[in-house]
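Enquirer: What follows is a predicted protein model with its sequence.
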Amino acid sequence: MAVSDGQAATTYLRDEVVPRVSQAPGFVAGYWVRLESGNGGRAIIVFESEDAARSIVSQIQPAPGGATTIDSVDVGRSWHTPDYGPCWFAR
């Protein structure tokens, strides 16, 4: 993800993205990272199943006003997540 307005992106993440994603069915954990350069970020969101991970993909949107641009969204399998064993993730 590219970040053009750090403050707006952080506000959108805190107020909109994290609450919505963490309430999604099958949500296990989410990790959002702002890259050291300050103009990019990454997220890994872990779900209990592939279906749960895929259901959130269509809901992932960039911050309004152009604060962020989403480069890609992928779904893959994690080999092991503590307490859940193999899980699926959206990145």
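Expert: Yep, it's here. Everything quoted here is computed from the prediction, not taken from an experiment.
Enquirer: What is the neighbour count of the closest residue in space to residue 35 that isn't next to it in sequence?
Expert: Spatial nearest neighbour of residue 35, excluding adjacent residues (C-beta to C-beta, 6 or more residues apart in numbering): residue 41 at 6.0 Å. Any C-beta I mention is one placed from the backbone N, CA and C, and that applies to glycine too. Per other C-beta atoms under 10 Å, the neighbour tally for residue 41 reads 19.
Enquirer: what sits against residue 41?
Expert: 1, 3, 9, 32, 33, 34, 35, 68 (C-beta atoms under 8 Å, 6 or more residues apart in numbering).
Enquirer: In which helix or strand does it reside?
Expert: Using DSSP states H and E, residue 41 sits within strand 41-47.
Enquirer: Give me the mean pLDDT for that strand.
Expert: Averaged across strand 41-47, pLDDT comes to 87.
Enquirer: Return the list of strands paired to that strand, each annotated with direction.
Expert: For strand 41-47, the paired strands and their directions (DSSP bridges) are strand 27-34 (antiparallel), strand 85-90 (antiparallel).
Enquirer: Pull out the buried positions in the longest one.
Expert: It stands for strand 27-34. 27, 28, 30, 32, 34 (16 or more other C-beta atoms under 10 Å).
Enquirer: Now the weakest link among the strands paired with strand 41-47, please, by mean pLDDT.
Expert: Looking at the strands paired with strand 41-47, the bottom one is strand 85-90 with a mean of 56.
Enquirer: Can I get the strand holding residue 41 as CSV, trimmed to CA atoms?
Expert: C-alpha atoms of strand 41-47 as CSV (Å, rounded to 0.1, in the frame of the first residue of the first chain):
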residue,chain,number,x,y,z
GLY,A,41,2.5,0.1,4.6
ARG,A,42,1.6,-3.6,4.8
ALA,A,43,-1.1,-5.6,6.5
ILE,A,44,-1.5,-9.3,7.3
ILE,A,45,-4.9,-10.3,8.5
VAL,A,46,-5.3,-13.9,9.8
PHE,A,47,-8.6,-15.8,9.5
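Enquirer: Just give me how far it sits from the chain centre.
Expert: 4 Å (C-alpha atoms, centre = their mean, to the nearest Å).
Enquirer: got it, and stretch 39-47?
Expert: 4 Å.
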